[in-house]
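**Student:** Sequence unavailable; structure follows:
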C-alpha cells in the first residue's frame with residue numbers, strides 16, 4: 001500500500017514521465033495505469049487489494065443440490081458423499097448432479113462432517129492361506145461386535161454374521177452370553193434361513209476356538225460335522241477379517257450411540273439397521289451397489305441330523321472319550337475335550353506317525369515316541385513338496 005501511495009504522489013507532482021515513474025517503482029505501465037485509474041475513481045480506497053474471486057461460475061452446481069445433500073445427510077448421518085450421491089442419482093437422475101467431491105465440500109461447508117484424525121498405518125501382514133471369497137456363501141465372517149450396556153444397565157452381546165463376497169449381513173442378534181448353548185441356536189436359525197457356507201472365518205476367541213491342538217471348539221467341531229470348514233485368522237491380526245470389522249464400525253455408529261433402553265428395543269434397532277445396510281446403503285466394494293443385489297441363498301441346505309463320519313479303509317477310527325482322550329498303541333493320548341463323543345480318523349503316514357482327522361478337517365499328528373498328546377500339523381503345498389509329505393513342527 002505504501003508503494004502505491006508513493007507512486008500516486010509522484011504522478012501527481014508530474015516531475016517524471018509516466019514510463020520513467022513505472023520503471024522507478026519496478027512495475028509495468030499496465031499496472032501503473034490501473035492504479036492511477038482506480039485512484040481517480042475512488043481515491044485512496046481504490047488502491048486496496050481486491051479479491052480475485054470471479055463474479056460468476058458458469059459450471060457451479062445449483063443451490064438445490066446443497067439442500068438435497070443436507071437433507072439426505074440428516075437422514076443418513078453416517079453416510080459419506082459417495083453413498084449419498086448414489087442415493088441422489090436414483091432419486092433425481094444424472095442431469096446436473098455434482099461430483100462426490102463437490103457434495104463433500106457442501107457437507108463440510110454445512111458443518112455436517114468433520115475431518116478425521118490421520119493414523120500412521122503400519123504395513124499389514126499377509127493373511128496367509130485365507131480363502132478368497134469369489135461367490136456368495138463361499139466365506140462367511142462371524143464375530144461378536146463387542147458388548148455394551150443398554151439403557152436399563154443390561155449387558156448386550158451382539159453376534160454378527162456376514163457374507164464376505166456380497167457384504168450381506170446375515171445376522172445381528174443379541175445373544176444371552178457367548179457360550180455354546182446360547183450361540184448354537186442362533187446358527188440353527190441362520191442356517192435354516194440362508195443355507196450352509198463353505199467356510200466360516202473367525203478369530204481365536206470363545207466360543208469359536210479353543211486352546212487345544214487344531215483350535216476346534218464345540219461350536220467349530222459342529223461346523224465340521226455339517227461340512228463347513230472353520231478358518232481362523234492369526235492371533236492379534238483383526239485386519240485379516242477387515243471387511244467384517246469395518247461393518248462393525250458402521251453398526252456401532254448407527255445403532256449404539258446412544259443404545260436403546262432394553263435388549264428387545266436394541267434388537268429391533270439391529271433389525272432395522274440390517275435391512276437398511278443390505279437393501280439401501282450403497283457399498284463401495286460393490287461399485288456403489290447394495291449387498292442384496294449380490295447375495296443369493298446357498299444351494300447347500302441345512303439338516304439338523306448330522307451325517308455319520310466315514311473314513312477311508314486305511315484309517316484307524318477312535319472315539320474321543322469323556323476326558324478328551326483316545327487309545328492308541330495301548331496308551332491314552334489327549335486330543336481335545338471339544339471332540340468328546342466324536343469319531344476321529346487316524347491316517348498312517350509312516351511307522352509310528354499318524355494324522356488325526358475329524359471328517360475332512362486335519363487336527364494334528366500322533367507320534368509314537370511322545371506321550372503328551374498331539375503335535376500341530378502343517379501341510380506343505382503340493383507344488384513344492386511330494387504329494388504325501390508333511391512337515392512336522394517340533395516342540396520347543
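**Tutor:** Good, I have the coordinates. Note that the structure is predicted; figures quoted are calculated from it, not measured.
**Student:** for residue 132, helix, strand, or coil?
**Tutor:** Secondary structure assignment for residue 132 (DSSP: H, G, I helix; E, B strand; the rest coil): coil.
**Student:** quick one: it from residue 231, how far?
**Tutor:** Between residue 132 and residue 231 the distance is 11 Å, computed by CB to CB, to the nearest Å. Every C-beta, even on glycine, is put in place using the N, C-alpha and C of the backbone.
**Student:** who's more crowded, these two?
**Tutor:** Set side by side, residue 132 and residue 231 show more neighbours around residue 231, with 19 against 9, by other CB atoms under 10 Å.
**Student:** The more buried one touches residue 139, doesn't it?
**Tutor:** Yes. Between residue 231 and residue 139 there is a contact at 7.4 Å, judged by CB atoms under 8 Å.
**Student:** Need the overlap of contacts for those two.
**Tutor:** Counting by CB atoms under 8 Å, 6 or more residues apart in numbering, the common neighbours of residue 231 and residue 139 are 131, 199-201.
**Student:** now the helix or strand containing residue 19: mean pLDDT?
**Tutor:** Using DSSP states H and E, residue 19 maps to helix 18-24. Taken as a whole, helix 18-24 has an average pLDDT of 90.
**Student:** Tell me where the stretch 201-350 of the chain has helices.
**Tutor:** Assigned helices in the stretch 201-350 of the chain, in chain order: 218-225, 242-255, 263-279 (criterion: DSSP state H, counting those that start in this stretch).
**Student:** Turn the ones you listed into TSV, including distance to residue 289, mean neighbour count and mean pLDDT.
**Tutor:** Shown next, in TSV, are the helices of the stretch 201-350 of the chain (distance: least, CB to CB, whole Å; neighbours: other CB atoms under 10 Å; pLDDT from 0 to 100):
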stretch	distance to residue 289	mean neighbour count	mean pLDDT
helix 218-225	30	20	94
helix 242-255	15	17	93
helix 263-279	11	16	95
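**Student:** what's the closest of those helices to residue 52?
**Tutor:** Closest of the helices of the stretch 201-350 of the chain to residue 52 is helix 242-255, at 40.7 Å (criterion: CB to CB).
**Student:** list the buried ones in stretch 38-50?
**Tutor:** Within stretch 38-50, the residues that count as buried by 16 or more other CB atoms under 10 Å are 38-39, 46-47.
**Student:** Same check on stretch 147-166?
**Tutor:** 150, 156-166.
**Student:** do the same with stretch 279-298
**Tutor:** Within stretch 279-298, the residues scored as buried using 16+ other CB under 10 Å are 281-283, 288, 290-292, 294-295, 298.
**Student:** got it, and stretch 203-215?
**Tutor:** For stretch 203-215, by 16+ other CB under 10 Å, it's 203-204, 207-210, 212-215.
**Student:** for the residues you listed, which one is nearest residue 143?
**Tutor:** When the buried residues of stretch 203-215 are compared for distance to residue 143 (CB to CB), residue 203 wins out at 6.3 Å.
**Student:** the helices in the stretch 1-150 of the chain, which residues?
**Tutor:** Going by DSSP H, counting those that start in this stretch, the stretch 1-150 of the chain shows helices at 2-13, 18-24, 29-42, 63-75, 81-92, 100-109.
**Student:** Give me the distance between the fifth one and the centre of its chain.
**Tutor:** For helix 81-92, the distance from its own C-alpha centre to the chain's C-alpha centre is 22 Å (CA atoms, centre = their mean, to the nearest Å).
**Student:** Show me what it is packed up against.
**Tutor:** Where contact means 3 or more CB pairs under 8 Å, 6 or more residues apart in numbering; DSSP states H and E, helix 81-92 is packed against helix 63-75, helix 100-109.
**Student:** deepest of the ones you listed, which one?
**Tutor:** Comparing those by mean neighbour count (mean count of other CB atoms under 10 Å), helix 100-109 ranks first with a mean of 17.
**Student:** Would you mind pulling the contact partners of that one?
**Tutor:** Residues from elsewhere that reach helix 100-109 (CB under 8 Å, 6+ apart): 61, 65-66, 69-70, 73, 80-82, 84-85, 88, 98, 113.
**Student:** can you give me the mean pLDDT across that helix?
**Tutor:** Mean per-residue pLDDT for helix 100-109: 89.
**Student:** Stretch 341-350 now?
**Tutor:** pLDDT averaged over stretch 341-350 gives 92.
**Student:** chain center to that stretch: distance?
**Tutor:** Centre-to-centre, stretch 341-350 and its host chain are 38 Å apart (CA atoms, centre = their mean).
**Student:** For the closest residue to residue 298 other than its chain neighbours, give me the backbone phi and psi.
**Tutor:** Excluding its sequence neighbours, the residue lying closest to residue 298 (CB to CB, 6 or more residues apart in numbering) is residue 195, at 2.8 Å. Here is the backbone geometry of residue 195 (degrees, to the nearest 10): phi 90, psi -170.
**Student:** Please render the helices and strands packed on helix 81-92 as a markdown table that adds distance to residue 187 to the earlier fields.
**Tutor:** Listed next are those as a markdown table, based on distance: least, CB to CB, whole Å:
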| stretch | distance to residue 187 |
| --- | --- |
| helix 63-75 | 34 |
| helix 100-109 | 39 |
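**Student:** With residue 184 as the reference, name the closest of those helices.
**Tutor:** helix 63-75 (38.0 Å).
**Student:** could you give the angle of the closest one to helix 100-109?
**Tutor:** Note on geometry: by axes from the mean of the first three to the mean of the last three CA atoms, to 10 degrees, helix 63-75 and helix 100-109 are set 70 degrees apart in direction.
**Student:** Run the chain-centre distance for helix 63-75.
**Tutor:** The answer for helix 63-75 is 27 Å, by CA atoms, centre = their mean.
**Student:** helices or strands up against that helix?
**Tutor:** Here helix 63-75 touches helix 81-92, helix 100-109, going by 3+ CB pairs under 8 Å, 6+ apart.
**Student:** Give me the contacts around the helix holding residue 19.
**Tutor:** Contact partners of helix 18-24, identified using CB under 8 Å, 6+ apart, comprise 7, 10-11, 16, 28-29, 31-33.
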